[in-house]
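Participant: Sequence and predicted model, in that order:
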Amino acid sequence: MNNILVIASFEKGRGTGHLVRSSRLVTELRARGFNALLCITGNRNEEEAAKIIDGFDFQYRIPLSEIRETVRGPVQAAAWELIVTDRFETLPEEAQIYHGLAPVLGIDEGGKSREHFDFLLDILHCGGIPPNERRPDLATGLPVSPPFQLSPPPEKPDPDTKRLRILIAFGGEDSSGFGQRTCLALMGRSDMRLTVVTPSNPVPGLGARLTDFDLVITHYGLTAYEALAAGVPVLLEHPSSIHRALAKKTGFWPPGVRELARLPDGEAGRWVAETLKLRALALAAKLKPAGETPLTLPDYIASLSPQVYRQCPVCGGARGRIAARFPRRTYRICPECGVVYMDRLDEPPIEYAEQYFFDFYKAQYGKTYIEDFSNLKVAAAGRINYILQLLEEDPAACGAAAHIAHAANAVAETPAFSEFQDENQSRARPSRLELLRPPRKILDVGCAYGSFLQAAQEAGFFMTIGLDPAESAVQYLKGQIGIFALKGFFPDDCLIGPGNLSFWEEEYFDVVTMWYVIEHITDVQKALKTVAALLKKGGIFAFSTPSRSGISGKKNLRAFLEKSPADHRTVWDPRRAKRLLGNAGFDVKKIVVTGHHPERFPRWTWFLGESALLKISQVFGLGDTFEVYTVKK
């Protein structure tokens, strides 16, 4: 990711924090080599903005009217890779413009459009629709100091020898006049030294200078979090009931300026050190993500590589409503085919290598793939039996008896078969008895270490071929089982047709299978078209995948999706699979609901007993996975 557009709000009555944070973000991202631009929206003019963000290079600002057109420099509007909004409240018509350009991440978004954003990041508590992430540790904005670097409280100040250094900061606007009222309430005290931030009296580099003060008086917002990050106690005043509610929800202590002003002269320093300081440190520790390396907002944005679907990846339908949000991922439900699909802020943290079949597989199933090989092979045998039944029922797949021998000999002489023989010298050329059978060829996509292919070979398939992205799996099939396999991803490494160099010709296979693979594929529409092109007419396409209409999804879809592996792009609904696959050119012959788990039923049903719940699950199709067997039309 390189091209980032940051959109900031600069409106009367809403302070200057959004503009300041956004300008800092753009400056820092550009310093790291990103092509970041700032768009300022609102009813205040550029001259006012220039005073607030003095030092920002305005050549990196773009007017709102231009964001759909050619952007300055080499970037085109269509080339935006991420739009970050810091708007306080985005209007629906504005949100539509942003969504048409790129993936959109809303920071502290509080408007009616909140539910429509691709991703939501709440640095401050915004309430309402839950965000993808709440990260108050990002409030410091820039790496002026390590966020939430907690240090022990200093020695209690001696009120007779040290005055309490107090910063009063209510933003660059302070339309409520809290700064002036606070000064009036505390003036005349001998134990305090006041520093006031106003639009006419700014403090340069305020975030980096917070540790110069013993106490910060402000309202709920970024300055309060920055003070916590610096280990400085905070007192809050509330311009509105919303500010008060958010402060309470976050855990800020209720006392305000009145309580401070009521203390006897000379006692303020002791109260701050013994009470406020300790509470500030406790709240800072509570807000810090446990076990994570501290990040700044530029760190966070720079780590992203968003992947967002503008239409359903399975049927091509319009974007659906959001079903759930979790850190770095958002799930939507397609209104047309019922598939749940995932948008991500980054690549899934899973690599399809040897570790995937050992550590990751064992974490899910309690044993490694190799340890589970015999059980997987038993399951494969049942699938193969049904595939064989479908093949025998379809004359187009078998061929007329008079042409069987000729077709078998033709296959034996193909370049693909020759390469297969070269890779498997231990396997003899097919016997004449083998050649008298229909020449069946099967491709197993995501073949792993070959349990299904070995069962298929033993069932009499003439040519078994595997495709898997893991080099260790490919080498295991070739060396240990004697089955030809290729390393690659489907469908990108299986292109066919003019101009594409591939291993297979069009209508080459009798059977294509994907056992718990299709949910990993990014572009399912493309994958289904490729399967249809690879299969002969009447050929079999069979696959298995998790179900959103199983007991786990029905009981609590959000909890089900939260536990879904990070690389599962889609979750299908078996009740709507027939129509969906029919539109893709496949005739569904059978759907088998699998993965029945009585223990996943609600607790209030457990009195029925495990066997009864299992029967209910089987009768009503409440398994958490399912298998589909289709024939190419």
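Facilitator: Good, I have the coordinates. Numbering: from 1, shown residues only.
Participant: Now do the buried residues in stretch 313-328.
Facilitator: The neighbour-count check on stretch 313-328 (16 or more other CB atoms under 10 Å) flags 313-315, 317, 319-320, 322-326, 328 as buried. C-beta: built from backbone N, CA, C; applies to glycine.
Participant: what comes into contact with it?
Facilitator: 115-116, 119-120, 129-133, 309-312, 330-337, 339-341, 344-346, 522-525, 557-558, 561-562, 569-570, 572, 580, 583 (CB atoms under 8 Å, 6 or more residues apart in numbering).
Participant: Stretch 603-620 now?
Facilitator: Residues external to stretch 603-620 that are found in contact with it (CB under 8 Å, 6+ apart): 551, 593, 596-599, 601, 622-623.
Participant: hmm, back to that, taking the buried residues of stretch 313-328 one by one, which sit in helices?
Facilitator: Among these, DSSP state H puts none in helices.
Participant: from the contacts of stretch 603-620, which would you call buried?
Facilitator: Going by neighbour count (16+ other CB under 10 Å), the contacts of stretch 603-620 have 551, 593, 596-598, 601, 622-623 buried.
Participant: can you name the two of these that are farthest apart?
Facilitator: Spatially, the most separated pair among those is 593 and 601, at 15.0 Å (CB to CB).
Participant: returning to what we had before: could you point out which of the buried ones among the contacts of stretch 603-620 is nearest to residue 369?
Facilitator: Closest to residue 369, out of all of these and judged by CB to CB, is residue 597, at 21.0 Å.
Participant: Okay, and which of the buried residues of stretch 313-328 map to strands?
Facilitator: Counting by DSSP state E, the buried residues of stretch 313-328 place 322-326 in strands.
Participant: got these as a markdown table, with pLDDT and distance to residue 218 columns?
Facilitator: Output for those, formatted as a markdown table (pLDDT from 0 to 100; distance: CB to CB, whole Å):
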| residue | pLDDT | distance to residue 218 |
| --- | --- | --- |
| 322 | 91 | 34 |
| 323 | 92 | 38 |
| 324 | 93 | 35 |
| 325 | 93 | 30 |
| 326 | 93 | 32 |
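Participant: Among the residues you listed, which one lies nearest to residue 488?
Facilitator: Using CB to CB, these come closest to residue 488 at residue 326, 30.2 Å.
Participant: now the closest one: how far from residue 538?
Facilitator: Distance, residue 326 to residue 538, by CB to CB, to the nearest Å: 43 Å.
Participant: list the contacts for residue 80?
Facilitator: For residue 80, the contact set (CB under 8 Å, 6+ apart) comprises 3-5, 71, 101-102.
Participant: again, only using 10 Å
Facilitator: Residue 80 is in contact with 3-5, 35, 37, 67, 71, 98, 101-104, counting by CB atoms under 10 Å, 6 or more residues apart in numbering.
Participant: Could you report the pLDDT at the spatially most central residue of the chain?
Facilitator: The C-alpha lying nearest the average C-alpha coordinate of the chain belongs to residue 329 (CA atoms, centre = their mean; 2.2 Å). Residue 329 is assigned a pLDDT of 93 by the prediction.
Participant: then stretch 461-468 to CSV, C-alphas only?
Facilitator: Provided in CSV are the C-alpha atoms of stretch 461-468 (Å, rounded to 0.1, in the frame of the first residue of the first chain):
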residue,chain,number,x,y,z
PHE,A,461,-8.8,-43.5,-11.1
PHE,A,462,-6.5,-43.5,-14.1
MET,A,463,-4.7,-40.3,-13.3
THR,A,464,-4.6,-38.5,-10.0
ILE,A,465,-3.1,-35.0,-9.8
GLY,A,466,-2.8,-32.7,-6.8
LEU,A,467,-2.3,-28.9,-6.5
ASP,A,468,-1.2,-27.3,-3.3
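Participant: Could you list which of the contacts of residue 80 belong to helices?
Facilitator: residue 98.
Participant: Nearest to residue 284 among the contacts of residue 80?
Facilitator: For the contacts of residue 80, the residue nearest residue 284 by CB to CB is residue 4; the value is 29.3 Å.
Participant: thinking again about what came up before, how about the buried residues of stretch 313-328 in CSV, adding distance to residue 241?
Facilitator: Formatted as CSV, the buried residues of stretch 313-328 follow (distance: CB to CB, whole Å):
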residue, distance to residue 241
313, 43
314, 45
315, 46
317, 42
319, 35
320, 35
322, 28
323, 31
324, 30
325, 26
326, 30
328, 33
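Participant: residues contacting residue 8?
Facilitator: 16-23, 25-26, 38-42, 49, 53, 61, 84-88, 107.
Participant: quick one: it and residue 134, what's the gap?
Facilitator: Taking CB to CB, one finds residue 8 at 21 Å from residue 134.
Participant: Can I get stretch 590-607 in PDB, CA atoms only?
Facilitator: Taking C-alpha atoms only, stretch 590-607 is exported to PDB below (Å, rounded to 0.1, in the frame of the first residue of the first chain):
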ATOM      1  CA  LYS A 590     -26.400 -33.900  -3.600                       C
ATOM      2  CA  ILE A 591     -25.700 -31.800  -0.500                       C
ATOM      3  CA  VAL A 592     -24.500 -33.600   2.600                       C
ATOM      4  CA  VAL A 593     -24.500 -31.700   5.900                       C
ATOM      5  CA  THR A 594     -21.600 -32.800   8.100                       C
ATOM      6  CA  GLY A 595     -19.800 -31.600  11.200                       C
ATOM      7  CA  HIS A 596     -22.600 -32.400  13.700                       C
ATOM      8  CA  HIS A 597     -21.700 -31.300  17.300                       C
ATOM      9  CA  PRO A 598     -24.300 -31.900  19.900                       C
ATOM     10  CA  GLU A 599     -22.100 -30.200  22.500                       C
ATOM     11  CA  ARG A 600     -22.500 -26.900  20.600                       C
ATOM     12  CA  PHE A 601     -26.200 -26.800  21.100                       C
ATOM     13  CA  PRO A 602     -27.400 -24.200  23.800                       C
ATOM     14  CA  ARG A 603     -27.100 -25.500  27.300                       C
ATOM     15  CA  TRP A 604     -30.800 -25.400  27.900                       C
ATOM     16  CA  THR A 605     -31.200 -28.300  25.400                       C
ATOM     17  CA  TRP A 606     -28.600 -30.500  27.000                       C
ATOM     18  CA  PHE A 607     -31.200 -32.300  29.100                       C
END
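Participant: and residue 365, how many residues sit next to it?
Facilitator: 13 (other CB atoms under 10 Å).
Participant: Show the pLDDT at it.
Facilitator: pLDDT at residue 365 comes out at 70.
Participant: which one is it nearest to, not counting chain neighbours?
Facilitator: residue 372 (6.3 Å; CB to CB, 6 or more residues apart in numbering).
Participant: Tell me, how many residues neighbour that neighbour?
Facilitator: Other residues close to residue 372 by other CB under 10 Å number 18.
Participant: Check residue 461 too.
Facilitator: Counted with other CB under 10 Å, the neighbours of residue 461 add up to 22.
Participant: Double-check it against residue 441; I have them as touching.
Facilitator: Yes: in this structure, residue 461 is within contact of residue 441 by CB atoms under 10 Å, at 7.3 Å.
Participant: Find residues that contact each of these two.
Facilitator: Listed as contacting both residue 461 and residue 441 by CB under 10 Å, 6+ apart are 510-511.
Participant: Just the endpoints, please. Distance across stretch 321-341?
Facilitator: One end of stretch 321-341 sits 11 Å from the other (CA to CA, to the nearest Å).
Participant: so where's the stretch 1-150 of the chain uncertain?
Facilitator: Scanning the stretch 1-150 of the chain with the threshold set as pLDDT under 70 gives 13-14, 68-78, 125-128, 136-137, 139-150.
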